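Student: What follows is a predicted structure for the sequence shown.
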Amino acid sequence: MTLFEELQRRGLIAQMTNPELIEKKLNSERVTFYIGFDATADSLHVGHFLQLMVMRRMQLAGHRPIVLLGTGTTMVGDPTGKTDMRKMLTVEEINYNAERFRQQISKFIDFSDDKALLLKNGDWLMKLNYIEMLRDVGVHFSVNRMLTAESVKSRMERGLSFLEFNYMIMQSYDFLHMFRSDNCTMQLGGDDQWSNIIGGVELVRRVEQKEVCGMTFTLLTTSEGKKMGKTEKGALWLDPNKTSPYEFYQYWRNVDDADVIKCLKLLTFLPIEEIEAMESWEGSQLNRAKEILAFELTKMVHSEEDADKAQEASRALFSVGTDSAHMPTASIGAADFTDNQISVLDLLVKAQLAPSKAEARRLVQQGGVTLDDEKISDIGAMVDKSAFDKGHVILRKGKKSFKKVVVE
């Protein structure tokens, strides 16, 4: 099976500028391609992870990736998928974020012996002369055509700044620059980047009279079309300090039944035949598939040791009377008790399972709280300090969130 066939079989490919040429190049040449990452945060998230896995798959097949860190384009901000203009970051903030990205990406991409390049578009975009840019690059862009791009159309009613309107031109120039400097002939990205990618492909063709290619990949969405990777705390980050390995594992362990096979195909390196054999799985077998998904992704993003610990803690959650040293833990102090008691509502808040007592009250009323496997239905319930004599209590919110609470 060729690389192109596997990308198709896994459902990764969304759109291509020239399918026949792309298939030929991927199967018979060493292609230098790039994917861009704007440095808008201090960590990559799971949406980036799919792109990293594509990049890694391409590299393992013998192609050369360029990881382009958007230290220049981040100064402007991509309007794609945004209802308002992005927060303007300082140069220092952008450079810090880019360095964090570099550290994280190096875990997945091999940069030794010219196997991959890591570039920053600020190195050339920040040096451009405005008039020259208009004459040499802007002349090749039709405003009418740009207005049809989904990233622009979706913002027209709320307002699109001239700053953001330039984003497509800047990203397109990146492709032209790397075509000239590094023989980059293909740009890849999420399917929401299609308009930007088309802009770059057409700019290279017009300026250099050369055929280059663009290909987008399936966005990571649920079966209902909603973006995956959103948690109660926000994005599902790759940084363990922002999303712990346990939280990362639990997210994938709890994906919907309808999404687990797709996620295995898109995000893991398990043989496609092995995944396709799981398509007939039902019931408890699907739970096994979710464990496999969660373990494989946690192992890649964090480590096998972290994956083992997270899996042990997750299994312990569903085993009555079972404890694990790796369960997420919250601490309370002696001062939190009044007459050797603490209310369940206070305990939920202090364990960070509820943001407020009002939310804690709602959880109890809805029957979503258990303490040491005993359902709590009384909003006035008190927990005696003696309940901690065994060293802890296990407090659960619903089926997916829990804490081992200890007294310091």
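Tutor: Yes, it's here.
Student: Am I right that Ser331 falls within a strand?
Tutor: Yes: according to DSSP: H, G, I helix; E, B strand; the rest coil, Ser331 belongs to a strand.
Student: Bridged to it, which residues?
Tutor: Beta-bridge partners for Ser331, by DSSP bridges, are Val406.
Student: out of all of them, which helix in this protein is the longest?
Tutor: Counting by DSSP state H, the longest helix found in the chain is helix 284-301.
Student: Can you list the buried residues in the helix or strand that comes right after it?
Tutor: Per DSSP states H and E, the first helix or strand lying C-terminal to helix 284-301 is helix 304-317. Judged by neighbour count using 16 or more other CB atoms under 10 Å, the buried positions of helix 304-317 are Asp306, Ala307, Lys309, Ala310, Gln311, Glu312, Ala313, Ser314, Ala316, Leu317. Using the backbone N, CA and C atoms, a C-beta is placed for each residue, glycine as well.
Student: now do stretch 224-240
Tutor: Quick answer for stretch 224-240 (16+ other CB under 10 Å): Met228, Gly229, Ala235, Leu236, Trp237, Leu238, Asp239, Pro240.
Student: Also stretch 87-101?
Tutor: Of the residues in stretch 87-101, those buried (16+ other CB under 10 Å) are Leu89, Glu93, Ile94, Asn95, Asn97, Ala98, Arg100, Phe101.
Student: relative to helix 304-317, how tilted is the longest helix of the chain?
Tutor: 150 degrees (axes from the mean of the first three to the mean of the last three CA atoms, to 10 degrees).
Student: End to end on stretch 269-281, go ahead and measure it.
Tutor: 19 Å (CA to CA, to the nearest Å).
Student: where's it relative to the chain centroid, distance-wise?
Tutor: In this view, stretch 269-281 has its centroid 23 Å away from the chain centroid, taken as CA atoms, centre = their mean, to the nearest Å.
Student: and it, average pLDDT?
Tutor: Summarised as a single mean, pLDDT over stretch 269-281 is 95.
Student: Contacts for that stretch next, please.
Tutor: 1, 6, 9-10, 53, 57, 261, 264-265, 268, 285, 288-289, 292, 296 (CB atoms under 8 Å, 6 or more residues apart in numbering).
Student: repeat that for 6 Å
Tutor: Arg9, Ile261, Leu264, Lys265, Ala289 (CB atoms under 6 Å, 6 or more residues apart in numbering).
Student: For Pro99, pull up the helix or strand it's in.
Tutor: Let me fix one detail, which is that residue 99 is Glu and not Pro. Going by DSSP H and E, Glu99 is part of helix 91-105.
Student: And that helix, what does it pack against?
Tutor: Secondary-structure packing of helix 91-105 (3 or more CB pairs under 6 Å, 6 or more residues apart in numbering; DSSP states H and E): strand 64-69.
Student: Now do the strand it packs on: distance to the chain's middle.
Tutor: For strand 64-69 - counting by CA atoms, centre = their mean - the centre lies 18 Å from the chain centre.
Student: quick one on the thing from earlier: of the contacts of stretch 269-281 - the most surrounded one?
Tutor: Within the contacts of stretch 269-281, neighbour counts (other CB atoms under 10 Å) peak at Leu264, which reaches 25 neighbours.
Student: re the thing from before, ok, so of the buried residues of stretch 224-240, who is nearest Gly368?
Tutor: Closest approach to Gly368 among the buried residues of stretch 224-240 (CB to CB): Leu236, at 22.2 Å.
Student: Gly47 is in contact with that closest one, correct?
Tutor: No: at 8.6 Å, Leu236 does not count as touching Gly47 under the criterion of CB atoms under 6 Å.
Student: between those two, what contacts are shared?
Tutor: Gly229.
Student: ok, and the closest non-adjacent residue to Asn183?
Tutor: Thr32 (5.5 Å; CB to CB, 6 or more residues apart in numbering).
Student: Does the one you found touch His63 like I think?
Tutor: No: using CB under 6 Å, Thr32 is not in contact with His63, being 7.3 Å away.
Student: how's this protein carved up into domains?
Tutor: Residue ranges for the domains of the chain, per automatic domain parsing: 3-217, 230-317, 329-407.
Student: any idea how far the spatially most central residue of the chain is from Asp114?
Tutor: In the chain, the residue lying closest to the centroid (CA atoms, centre = their mean) is Val46, at 1.4 Å. Look at Val46 and Asp114: by CB to CB, to the nearest Å, they are 29 Å apart.
Student: Please apply the same query to His177.
Tutor: For His177, the distance to Asp114 (CB to CB) stands at 19 Å.
Student: try Gly70
Tutor: Gly70 sits 22 Å away from Asp114, going by CB to CB.
Student: who has more neighbours, the two?
Tutor: Set Gly70 next to Asp114 and count neighbours by other CB under 10 Å: Gly70 wins out with 27 against 7.
Student: neighbouring contacts of stretch 27-39?
Tutor: Contacts for stretch 27-39 (CB under 6 Å, 6+ apart): 2, 4, 25, 51, 55, 62-64, 66, 68-70, 73-74, 94, 97-98, 101, 183-184, 186-189.
Student: repeat that for 7 Å
Tutor: Stretch 27-39 is contacted from outside by 2-4, 25, 48, 51, 55, 58, 62-71, 73-74, 78, 94, 97-98, 101, 171, 174, 178, 182-189, using CB atoms under 7 Å, 6 or more residues apart in numbering.
Student: Off-centre distance for that stretch?
Tutor: On CA atoms, centre = their mean, the centre of stretch 27-39 falls 19 Å from that of its chain.
Student: same deal with stretch 66-74?
Tutor: The gap between where stretch 66-74 is centred and where its chain is centred comes out at 17 Å by CA atoms, centre = their mean.
Student: What residues sit buried inside that stretch?
Tutor: So stretch 66-74, judged by 16+ other CB under 10 Å, has buried residues Ile66, Val67, Leu68, Leu69, Gly70, Thr71, Gly72, Thr73, Thr74.
Student: neighbouring contacts of it?
Tutor: Residues outside stretch 66-74 that contact it (CB under 7 Å, 6+ apart): 32-40, 89, 94-95, 98, 101-102, 105, 109, 116-122, 125-126, 167, 170-171, 174, 178, 182, 184.
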